[in-house]
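Chemist: can't give you the sequence, but here's the structure:
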């Protein structure tokens, strides 16, 4: 079984504001790009959604996946076991519980490891994901981040 290599990035113009994510999936000769934009969201939500969408795009369960992300929020939450503690505490005072629960459901189907990469440091696939995320942020047809819009703290 080959390893699926995933690169992800999220963006938001304002935080909150319009945002988007970008994903590059690679496995052997296969290469796929994914992106989408949302009218009101946060950078952290887009960073996490990029990972979720990448995992949901895999066609079969049981894959070995390495996710490269420049998001300390996402990488540390999983690798430093913050996520496990959030589950144990019943999601009390946790941001983005809807996405973290969605992540847990899809990640349970695969073996997922994370590798943090420095953003905007010349890594070609991280830069590509950033381009996809920014383009989606400012593209047409922005979607609604329904949970966030309904549950965000109003200024």
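Modeler: Nice, thanks for sending it over. This is a predicted model, so every value here is computed, not measured.
Chemist: ok, residue 118 touching residue 70?
Modeler: Yes. Counting by Cβ atoms under 8 Å, residue 118 does reach residue 70; the two are 6.5 Å apart. Where you see a C-beta, it was placed from the backbone N, CA and C, and this is true even at glycine.
Chemist: what about those two, which has more around it?
Modeler: residue 70 (21 against 9; other Cβ atoms under 10 Å).
Chemist: which residues in this structure form helices?
Modeler: 43-56, 72-79, 82-88, 97-107, 124-137, 146-151 (DSSP state H).
Chemist: Now do the same contact list for residue 88.
Modeler: Taking Cβ atoms under 8 Å, 6 or more residues apart in numbering, we find residue 88 in contact with no residue.
Chemist: quick one: it from residue 5, how far?
Modeler: To residue 5, residue 88 is 31 Å away according to Cβ to Cβ, to the nearest Å.
Chemist: which of the helices of the chain is buried the deepest?
Modeler: helix 43-56 (a mean of 24; mean count of other Cβ atoms under 10 Å).
Chemist: so how far is that one off the chain centroid?
Modeler: Centroid separation for helix 43-56 versus its chain: 2 Å, with Cα atoms, centre = their mean, to the nearest Å.
Chemist: Which one, of the helices of the chain, ends up nearest to residue 18?
Modeler: Among these, the nearest to residue 18 by Cβ to Cβ is helix 124-137 (5.3 Å).
Chemist: How about residues contacting the closest one?
Modeler: 7-13, 18-24, 26, 33-37, 46, 50, 68, 70, 117, 119-120.
Chemist: rerun at 7 Å
Modeler: Helix 124-137 has contacts (Cβ atoms under 7 Å, 6 or more residues apart in numbering) with 7-13, 18-24, 33, 35-37, 46, 68, 70, 117, 119.
Chemist: One more: stretch 53-60?
Modeler: So stretch 53-60 is contacted by 4, 6, 8, 21, 23, 25, 34, 65, 106-107, 110, 112 (Cβ under 7 Å, 6+ apart).
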